[in-house]
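[1] how does the following fold in three dimensions:
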Amino acid sequence: MALLSAKDREYLTDLFSKEMENKVKLIYFGDSKENCEYCELEEQILDELQELSDKIIVERYNVNDHKDLAEKYEVEMVPALILTLEDGEDRGVRFYGLPSGHEFGTLVQNITTFGKGAKPDLSPNTIDKLKEIDTPVRISVFVTPTCPYCPRAVLTAHNFALINPLIKAEMIEANEFFELSNEFGVSSVPHIVINRNPNTFFIGAYPEAQYLEEVLKAIK
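    Got it, this is the predicted structure:
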């Protein structure tokens, strides 16, 4: 049974045909159904998305059979999805967990951003400050599919990563990775953790300038 309705398929086909100028590669890492409850469902989502545009390339890997590749992309858990241009170069944008509910829209928006050359929509001031960062930064955004504010928090983090190769930005589905959420004290979302430090976090979909301020404050 298809996950996308006929109406959704029609809308997305039209969107991708209008918005995408170049090919986008979705690099997926999964595992067996026994070891990954949501992997099969995510593969179906990717199959259906790939059918909607010849500019969407999906590569699928079992994390155990392709350990070298998983290490190259620093994959820590599955299901994992890394977005790149056709060259496969890691630009720091990844999803851990099923991009469902409101986060499906996040994935679609990321695809169209990459389809326009992976050029984020950020202010010149934000771009300048991000370029000045000279130390590795990891932005982990814990989300749930029903959270209407989470996509904004994820997209801002992903856009930051596109500016500076030292920045990695990851969506983490809080319910799927409950132990990790518990480790970082996630009780409401979006819960944004900087550099996997449980004491360095903020909660909420902050405006771009304030979001950047929090990241810069955390890495000082």
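[2] would you mind listing the buried residues in stretch 118-137?
    Neighbour-count burial for stretch 118-137 flags Ala118, Pro120, Leu122, Thr126, Ile127, Lys129, Leu130, Ile133, Val137 (criterion: 16 or more other Cβ atoms under 10 Å). All C-beta spots, glycine's among them, are computed from the backbone N, C-alpha and C.
[3] the fourth one and Ala209, how far apart?
    Read it as Thr126. For Thr126, the distance to Ala209 equals 7 Å [Cβ to Cβ, to the nearest Å].
[4] with the fifth one instead?
    Noted for Ile127: a distance of 12 Å to Ala209, by Cβ to Cβ.
[5] what's the answer for the last one, then?
    Distance, Val137 to Ala209, using Cβ to Cβ: 17 Å.
[6] before we move on, what about Leu46?
    Leu46 is 34 Å from Ala209, by Cβ to Cβ.
[7] ok, those two, which is more surrounded?
    A direct count of neighbours by other Cβ atoms under 10 Å for Leu46 and Ala209 places Leu46 higher, at 21 against 11.
[8] which residue comes closest to that one once chain neighbours are left out?
    Nearest residue to Leu46, sequence neighbours excluded (Cβ to Cβ, 6 or more residues apart in numbering): Val58, at 4.8 Å.
[9] which strand residues bridge that neighbour?
    Taking DSSP bridges as the rule, Val58 bridges to Leu26.
[10] go on, Lys168?
    Beta-bridge partners, per DSSP bridges, of Lys168: Arg138.
[11] what's around it, how many residues?
    Neighbours of Lys168 (other Cβ under 10 Å): 21.
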